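Chemist: 3D, please:
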Amino acid sequence: MRIMGLDYGTVAIGVAISDPLLLTAQGIETIRRKEENKLRRTLARIEELIAEYEVEKIVVGYPKHLNNSIGKSAIKATDFAHKLTTRTGVEVILWDERLTTVAAHQILDQAGMNYKKKSEFVDKIAATFILQGYLDHLSFKKNL
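Modeler: Down below sits the predicted model:
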């Protein structure tokens with residue numbers, strides 16, 4: 001079994017996959033979106049990845065505000081998660097993603113990447129942080 005992590009955005013969706021033991025997350029790609037309201041190609045690519053990696057669960061980043069309130073981005077992520085479940089039949093979990101993109105930018109800054117190069121990797125790294133947070137949560141629950 002593997003779990004997929006997604007950092008959903010209007011321009012790009014970062015994708016990460018767990019290892020079979022559900023210990024670590026690896027960023028695998030960034031899906032670029034041509035138009036915000038058109039998801040057909042995006043969902044088709046996610047379906048291909050689900051089949052390729054034998055994904056049984058998907059974790060979608062849920063971008064709550066720092067004060068724990070829900071904004072437009074969180075509503076869009078919820079709508080995307082619903083469409084993903086309907087289309088794929090795979091269980092989708094919304095997972096708090098606060099500050100994952102900030103952390104991804106910090107890592108790329110420390111690596112000395114320029115803005116253009118960072119834009120290629122930031123969503124994939126954020127998806128990795130989202131998924132790793134969920135995997136760590138599963139591990140913690142299992143060890144209680």
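
Chemist: only C-alpha atoms for contact and neighbour calcs from this point on.
Modeler: Fine.

Chemist: could you measure residue 64 against residue 38, distance?
Modeler: Between residue 64 and residue 38 the computed distance is 23 Å (CA to CA, to the nearest Å).

Chemist: of the two, who's got more company?
Modeler: Comparing residue 64 with residue 38 by other CA atoms under 10 Å, the one with more neighbours is residue 64, at 19 against 11.

Chemist: neighbours around the nearest residue to the more buried one once chain neighbours are set aside, how many?
Modeler: Among residues not flanking residue 64 along the chain, residue 70 sits closest, at 5.3 Å (CA to CA, 6 or more residues apart in numbering). Residues within reach of residue 70, counting by other CA under 10 Å, total 13.

Chemist: give me the phi and psi angles of residue 70.
Modeler: Phi and psi for residue 70, reported as degrees, to the nearest 10, are phi -110, psi 130.

Chemist: tell me the confidence at it?
Modeler: Among the per-residue scores, residue 70 holds a pLDDT of 84.

Chemist: before we move on, what about residue 101?
Modeler: Residue 101 carries a pLDDT value of 67.

Chemist: repeat for residue 15
Modeler: 97.

Chemist: let's verify it: helix, strand, or coil?
Modeler: Using DSSP: H, G, I helix; E, B strand; the rest coil, the secondary structure recorded for residue 15 is strand.

Chemist: hang on, it packs against residue 121?
Modeler: No. With contact defined as CA atoms under 8 Å, residue 15 does not count as touching residue 121 (10.5 Å).

Chemist: next structured bit after the lowest-mean-pLDDT helix or strand in the chain?
Modeler: When the helices and strands of the chain are scored by mean pLDDT, DSSP states H and E, helix 100-110 comes last with a mean of 65. Toward the C-terminus, helix 100-110 is succeeded by helix 115-142 as the next helix or strand (DSSP states H and E).
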